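1. Sequence below, structure please.
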Amino acid sequence: MASLRQLEYLVTVVDEGSFTKAAEVLHVTQPALSHQMRALERSVGGPLLERLPRAIRLTPMGRAMLPHARAALADAERARCAARQASGLEHGELQIATVYSVSLGVLPPALRAWRRERPGVDIRLFEYRHADELRDAMLAGEADIAVGPPPQAWDGPMWTLGIEEFVVVLPADGATEGDDGTVDLATLADCAWVHYAPGNGLAEIVDQACGAAGFRPNAAVRTEQSATAPILAAAGLGPALVPANVIPPRFDGRVLLPKEPIRRELAAYARAGADPVTAGFVEVLREKACVLPAHVKKLLSHD
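-> Prediction:
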């Protein structure tokens with residue numbers, strides 16, 4: 001069975017790109033490092049690294065093992081931190097992974113409430129462009145908890161946060177087909193849209209929604225940042241489809257609901273049973289997460 005030390009050696013060799021540099025980082029001799037790597041390879045039944053003249057290269061077995069090695073080391077570090085927190089030796093850190101739009105619209109109220117309750121626990125935020133990247137990061141053990149669209153076939157614990165509503169943003173004087181606060185996306189087929197950069201998860205949502213309305217959106221401009229899209233749309237560059245929770249207060253644009261609702265489920269999920277700090281954050285998150293802000297509800301109200 002592989003030891004944590006051997007897994008640490010494997011990860012360091014890969015990250016440093018050579019046994020010599022890895023030995024320096026680990027403060028061990030190169031023969032000792034090589035001995036431990038050979039022992040690890042014997043325990044798993046095959047070579048993990050290919051030794052080239054000027055570099056090292058992962059074998060297929062090595063590529064399969066590396067993410068699990070990183071995850072095991074991350075779990076061990078969190079276990080160490082949890083034990084030290086319980087003994088009062090340190091305040092600790094909560095690592096949260098999410099997607100761009102959620103860090104902008106959903107998380108801030110929860111993070112503010114958490115900071116008031118646990119001022120001694122620092123927060124480290126990891127942001128990803130796509131829900132698939134978020135899931136892969138969690139599988140690799142890069143954070144304590146993820147907040148975003150729920151992944152399929154997730155083996156660990158998951159907590160539902162709510163349903164995120166998407167809205168169309170136009171200039172305040174933008175023409176629409178009616179005054180009921182809704183818009184048929186098909187009526188915007190000839191417009192040049194404020195779109196998202198390829199690889200951003202919101203780009204897929206826009207393409208799918210417009211495809212369901214019978215057209216492919218032509219992009220006037222593409223942005224990586226969720227906060228930028230409604231601002232550009234309000235400035236007249238084209239309609240934008242955005243999560244309702246990213247609309248800022250005192251917004252100058254016109255906010256409309258699509259006639260055919262466009263929604264996304266949001267959840268928090270972890271790799272294993274939540275430690276007390278993570279479980280405490282989930283409670284705050286489920287109470288304070290801002291899936292649909294009050295000021296956006298007012299914009300969408302037409303009573």
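
2. rest of the way, CA atoms for contacts and neighbours
-> Fine.

3. same question for the longest helix seen in the chain, mean pLDDT?
-> Selection of the longest helix in the chain by residue count, based on DSSP state H, yields helix 60-86. Helix 60-86 shows a mean pLDDT of 80.

4. And stretch 124-139, by the same measure?
-> Across stretch 124-139, the average pLDDT comes to 92.

5. From the chain's centroid, how far away is that stretch?
-> 3 Å (CA atoms, centre = their mean, to the nearest Å).

6. before we move on, what about stretch 96-112?
-> Distance, stretch centre to chain centre, for stretch 96-112: 9 Å (CA atoms, centre = their mean).

7. Tell me which residues are up against that stretch.
-> Residues from elsewhere that reach stretch 96-112 (CA atoms under 8 Å, 6 or more residues apart in numbering): 123-131, 134, 137-138, 142-148, 225-227, 243, 245-247, 284-285, 287-291.

8. ok, now with 6 Å
-> 125-129, 143, 145-148, 226, 245-246, 285, 288-291 (CA atoms under 6 Å, 6 or more residues apart in numbering).

9. re the thing from before, any buried residues in the longest helix of the chain, and which?
-> Buried residues in helix 60-86, counting neighbours by 16 or more other CA atoms under 10 Å, are found at 62, 65-67, 69-75, 78, 81-82, 85.

10. what's the answer for stretch 153-169, then?
-> M158, W159, L161, E164, E165, F166, V167, V168, V169.

11. just checking, which of those belong to helices?
-> Counting by DSSP H, the buried residues of stretch 153-169 contribute nothing to helices.

12. Same list, those, but as JSON lines with distance to D207 please.
-> Compiled in JSON lines, the buried residues of stretch 153-169 are given as follows (distance: CA to CA, whole Å):
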{"residue": "M158", "distance to D207": "28"}
{"residue": "W159", "distance to D207": "28"}
{"residue": "L161", "distance to D207": "25"}
{"residue": "E164", "distance to D207": "17"}
{"residue": "E165", "distance to D207": "16"}
{"residue": "F166", "distance to D207": "13"}
{"residue": "V167", "distance to D207": "14"}
{"residue": "V168", "distance to D207": "14"}
{"residue": "V169", "distance to D207": "16"}
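
13. Let me know the closest of those to R254.
-> V169 (5.6 Å; CA to CA).

14. List the buried residues of the helix or strand hosting R115.
-> Taking DSSP states H and E as the criterion, the element that holds R115 is helix 107-117. Within helix 107-117, the residues scored as buried using 16+ other CA under 10 Å are L107, P108, P109, A110, L111, A113, W114.

15. And the third one, what's its pLDDT?
-> We note a pLDDT of 90 for P109 in this prediction.

16. shaky segments in the stretch 201-303 of the chain?
-> The stretch 201-303 of the chain contains residues with pLDDT under 70 at 274, 293-303.

17. so where do the strands sit in it?
-> With DSSP state E, counting those that start in this stretch, the ranges of strands along the stretch 201-303 of the chain come out as 218-223, 240-243, 254-258, 263-269.

18. Can you give me the buried ones in the second one?
-> Yep, that's strand 240-243 we're talking about. Neighbour-count burial for strand 240-243, counted by 16+ other CA under 10 Å, picks out A240, L241, V242, P243.

19. Kindly report the same for the third one.
-> Neighbour-count burial for strand 254-258, counted by 16+ other CA under 10 Å, picks out R254, V255, L256, L257, P258.

20. do the same with the first one
-> Neighbour-count burial for strand 218-223 flags A219, V221, T223 (criterion: 16+ other CA under 10 Å).

21. hang on, the earlier thing: farthest pair within the buried residues of helix 60-86?
-> G62 and Q85 (34.2 Å).
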